[in-house]
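> give me coordinates for this.
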Amino acid sequence: RALSQRLGRIMRGSQLPRLSETRTFVLIGPDGQPLTREEASPKNQDVPMSERQDDVFGRAFMDYATNGEAEHMEYGVISLPNHDVEETPISYFFRSVDEMPMIEVMAMENARGRVLDVGCGAGSHALYMQNKLGLDVTGLDISPGAVNACKQRGLKKAISGDFYEFKPRKGKVPPGAFWTQDTHDKYDTLVFLMNGIGVAQNDVGLDRLLQRARALLAPGGQILMDSTDIQYMYVSEDGSKFEFDFDPKRHYYGETLVEVRYKDAELVFPWLFIDYDALMIAAKRNGFEAIFLGDESLGGDRERGVTYLAKLVPMADYNPLMDDIRNAQVLGNNEAVEQMRKDDRDAAKELRKDTSSS
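Now for the predicted structure:
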């Protein structure tokens, strides 16, 4: 929670280089110098999560799911020289919908059809969409312990595995194959919440993630995701100067290195926080339209430093009217919903009239 509050601050002042200005990045260590891959994650390199002994999230989630309590998790963005490692209560990952930020609620209310919750964690979002919205939801997480916690909490479909190796197929599932047990092979909605798009790690990884997501989307499908512009973390408290120098040709400020610790287990991994302008550019080059749905203030202003919600759709499938209607419904503005629907019906009548007269 503490980290989420830090990532929710609004930073004003100097602008840092954008993701669009470069396509080559490296991780930056606490001394401001580039890290080698071995330095970035010496214990975890190239070892599948299912074979590792450091399933930090899984251990924490299972402790809480089983006992109703757990020690705090320590979490920090260690690639910054002034980083803080802060304690996060495990109960935060088990929160109810009333405790969730409005943008997470809005994301879930915008979900439709068959849903794949990527990086489902302890399953709070997936369970709400399954139990309260009546959606067909599959939770996917690389952490076996997280998936076990989801199942223990009542999620009907929860799979442990890598998003990039996930291959849902129609028909019978061969023994040992990493396929879903349902009968369809596409999803209407992919959900990446709590900065879940960060699994992309960097710009090149984001291209890979979006192409993989496209392969899993049904016709008319959508991606719902949130992220944060974290440029404020690189500057002084008053926003007047950079805390340390870096080469903008090699490093996008949203590409970070994160450390998580729970009891005697620890995990270090690269994570991407992406500003909305950079997301639009990445979406476009991968054949998606990025639609800004709102931010933490729900005012629609794209303030830098605020966690925002976005929707990505294949360009040919973009229908802005449905976005307006769904978001008005989430905000309880029924009058606006009815007016938009009326305007849409009137426009359709005029179109039919013009077509018949010609």
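> quick one: the helices in the stretch 51-200 of the chain?
Secondary structure of the stretch 51-200 of the chain (DSSP state H, counting those that start in this stretch): helices at 56-67, 102-110, 124-131, 144-153.
> mean pLDDT and mean neighbour count added to those, as JSON lines?
Yep, even glycine has a C-beta here, placed from its N, CA and C like the rest. Compiled in JSON lines, the helices of the stretch 51-200 of the chain are given as follows (pLDDT from 0 to 100; neighbours: other CB atoms under 10 Å):
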{"stretch": "helix 56-67", "mean pLDDT": "94", "mean neighbour count": "21"}
{"stretch": "helix 102-110", "mean pLDDT": "95", "mean neighbour count": "21"}
{"stretch": "helix 124-131", "mean pLDDT": "98", "mean neighbour count": "23"}
{"stretch": "helix 144-153", "mean pLDDT": "96", "mean neighbour count": "22"}
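> quick check: the nearest residue to Asn286 once chain neighbours are set aside vs Asp275, distance?
Spatial nearest neighbour of Asn286, chain neighbours left out: Leu210 (4.1 Å); criterion: CB to CB, 6 or more residues apart in numbering. Summarising the geometry, the distance separating Leu210 from Asp275, computed by CB to CB, to the nearest Å, is 16 Å.
> quick one: which of those two has more around it?
Each of Leu210 and Asp275 had its neighbours counted (other CB atoms under 10 Å), and the higher figure belongs to Asp275 (24 against 21).
> how far away is that one from Ala111?
With CB to CB as the criterion, Asp275 and Ala111 are 24 Å apart.
> read off the pLDDT value for Tyr164.
The predicted structure scores Tyr164 at 89 on the pLDDT scale.
> just checking, it touches Arg212?
Yes: the criterion here is CB atoms under 8 Å, and Tyr164 meets it with Arg212 at 5.6 Å.
> neighbour count winner among these two?
The neighbour comparison of Tyr164 against Arg212 (other CB under 10 Å) goes to Arg212, with 16 against 13.
> isn't there a strand covering the more buried one?
No: the assignment for Arg212, made by DSSP: H, G, I helix; E, B strand; the rest coil, is helix rather than a strand.
> identify the residues contacting it.
Taking CB atoms under 8 Å, 6 or more residues apart in numbering as the criterion, Arg212 is in contact with 163-164.
> oh, and call the first residue 55 from now on, that's how I've got it
Got it, first residue is 55 now, which makes that one Arg266.
> okay, it: pLDDT?
You'll see Arg266 listed with a pLDDT of 93.
> using CSV, write out every CA atom in stretch 193-209.
What follows is stretch 193-209 as a C-alpha-only set of coordinates in CSV (Å, rounded to 0.1, in the frame of the first residue of the first chain):
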residue,chain,number,x,y,z
GLY,A,193,-6.7,-16.5,-13.7
LEU,A,194,-3.1,-16.9,-14.9
ASP,A,195,0.0,-16.4,-12.7
ILE,A,196,3.6,-17.6,-12.9
SER,A,197,3.5,-18.2,-9.2
PRO,A,198,2.2,-21.7,-8.2
GLY,A,199,1.5,-20.5,-4.7
ALA,A,200,-0.6,-17.6,-6.0
VAL,A,201,-2.7,-20.0,-8.1
ASN,A,202,-3.2,-22.3,-5.2
ALA,A,203,-4.4,-19.4,-3.1
CYS,A,204,-6.9,-18.4,-5.9
LYS,A,205,-8.3,-21.9,-6.0
GLN,A,206,-8.5,-22.0,-2.2
ARG,A,207,-10.6,-18.8,-2.4
GLY,A,208,-13.0,-20.2,-5.0
LEU,A,209,-11.7,-19.2,-8.4
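> give me the contacts around that stretch.
103-104, 109, 111-116, 118-120, 170-177, 180-181, 184-185, 191, 211-217, 220.
> doesn't Ala176 make contact with Phe115?
Yes: counting by CB under 8 Å, Phe115 does reach Ala176; the two are 4.7 Å apart.
> pull up the overlap in contacts between the two.
When contacts are counted by CB under 8 Å, 6+ apart, Phe115 and Ala176 are jointly contacted by 147-148, 200, 203.
> just name the closest of those residues to Leu134, please.
Within the set of the shared contacts of Phe115 and Ala176, Phe147 lies nearest Leu134; the separation is 23.5 Å, counting by CB to CB.
> right, and that closest one touches Gly175 too?
Yes: the criterion here is CB under 8 Å, and Phe147 meets it with Gly175 at 5.6 Å.
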